[in-house]
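S.K.: Pasting the sequence and the predicted model now:
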Amino acid sequence: MSLSGLSDELSQVRTKKKEFLSQIERIVPWGEWIELIRPHYYKGERGNKPYDLERMLRIYLVQNLYDLSDMATVAEVIDSRAFSEFCGVESSNQVPDGDTLGRFRNLLLRSGLQEKLFAQVVYLLQERGLLLKKGTIVDSTLIAAPSSTKNREKKRDPEAHSVKKGNSWHFGYKAHIGVDKDSGLVHTVKVTSANIHDVTMVPELLTGDEDSVYGDSGYLGAEKREDAVLFNTQRKRIRYKINRRPSQSKHAGNRSRGQIKRREKEKSSVRAKVEHVFGVVKGQLRYRKTRYRGLRKQIAKLNILFALANLILADRRSCLTA
């Protein structure tokens, strides 16, 4: 087989990476996202002509889909046929260097565009009837941050904090999300340092249209707080269906214990949908530990990740096409 023939044959081989990127190609609303970013992008009136906006967005999404650093993203786009085809790259001259990619990411951050991209996805899903907002599941997950002090400032990230979970201490941030109980898609994202208690974030995770709120035992007492949201926009009382701790039913009789167990199982079967979202972000998109310092960067990073997770999950369930 000639070298050109081998090259053509390799380009036709379907791999998991190519299939995943073709899914992203199909479900991302490129037109809407580009129009959101364009007013904030370089005009090219002076100096060198800026890189094509859509190509920069595609490279930025590759970085987030595979949790790569700026330099690693550039190298992978050049090395990987799947990445170069996804980004529309035919020559290494069309690929920005790591510093340029970092400036593009910071441009999005300064303009709050990651949050706007997430909001645009939520709007898209709501328009297609995939986000009903009749009930919300609240939950959170820890995002680890480097605890090393071997850096220029000789200290850890001042906006990250430690928290004890079980018998282990964790240093970093916490992503709090509100998930639609019917579709399992995220409608609200809030990011805090890891030491902020889950129950204090509940009012910020609700849309106001819910009939019910689900959460694990870490949210017990959420409806009794001074800032609790007790009524929705229709003035109907919101039912808080929070899982009990096992110790709360250990003194109940056998019959009562059986009833409690059934009710807790019903709550857990609804609440389990939130784990699918975390599975995409921490499993498929590999985001378990941040490489950035500062709360603002975590907010931007997690908004774009949950926007992508929403699109991936919606496509699994309803064949979403952008």
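M.R.: Cool, the structure landed. Given the structure is predicted, the values throughout are model-derived calculations rather than measurements.

S.K.: Thought residue 194 was touching residue 162, still the case?
M.R.: Yes. Here residue 162 reaches residue 194: they are 6.7 Å apart, a contact under C-beta atoms under 8 Å. Yep, even glycine has a C-beta here, placed from its N, CA and C like the rest.

S.K.: Looking at the two, which has the bigger crowd around it?
M.R.: Taking neighbours as other C-beta atoms under 10 Å, residue 162 and residue 194 compare with residue 194 leading, 21 against 14.

S.K.: any residues in contact with both of residue 162 and residue 194?
M.R.: Overlap of the contact sets of residue 162 and residue 194 (by C-beta atoms under 8 Å, 6 or more residues apart in numbering) consists of 170, 171.

S.K.: Now the terminal residues of stretch 241-259, how far apart.
M.R.: Using C-alpha to C-alpha, to the nearest Å, one end of stretch 241-259 lies 15 Å from the other.

S.K.: i'd like the first residue to be 35 from this point on
M.R.: Sure, I'll start counting at 35 from here, so that last one is stretch 275-293.

S.K.: what is the mean pLDDT for it?
M.R.: If you average the pLDDT over stretch 275-293, you get 75.

S.K.: Also stretch 322-337?
M.R.: Mean pLDDT, stretch 322-337: 96.

S.K.: Next: stretch 88-106.
M.R.: Averaging pLDDT along stretch 88-106 gives 97.

S.K.: Just give me how far that stretch sits from the chain centre.
M.R.: 15 Å (C-alpha atoms, centre = their mean, to the nearest Å).

S.K.: which residues touch that stretch?
M.R.: Stretch 88-106 is contacted by residues 54-55, 58, 62, 64, 67-68, 71, 75, 107-108, 110-111, 117, 120-123, 128-130, 132-133, 135-136, 138-139, 142, 319-321, 325, 335, 338-339, 342 when judged by C-beta under 8 Å, 6+ apart.

S.K.: pull the CA atoms of stretch 167-187 into CSV?
M.R.: Extracted C-alpha coordinates of stretch 167-187, given in CSV (Å, rounded to 0.1, in the frame of the first residue of the first chain):
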residue,chain,number,x,y,z
LYS,A,167,-38.5,23.3,35.8
LYS,A,168,-41.4,21.7,37.7
GLY,A,169,-39.0,20.2,40.2
THR,A,170,-35.4,20.7,41.1
ILE,A,171,-32.7,18.3,42.4
VAL,A,172,-30.0,20.2,44.3
ASP,A,173,-26.5,18.7,44.7
SER,A,174,-22.9,19.6,44.8
THR,A,175,-19.5,18.2,43.9
LEU,A,176,-16.0,19.0,45.0
ILE,A,177,-13.4,20.2,42.5
ALA,A,178,-9.8,19.7,43.9
ALA,A,179,-7.3,22.5,43.7
PRO,A,180,-3.5,22.1,43.9
SER,A,181,-2.5,22.4,47.6
SER,A,182,1.2,22.9,46.8
THR,A,183,2.9,26.2,47.8
LYS,A,184,5.7,25.7,45.2
ASN,A,185,4.7,28.8,43.1
ARG,A,186,5.6,32.4,42.7
GLU,A,187,3.5,33.6,45.7
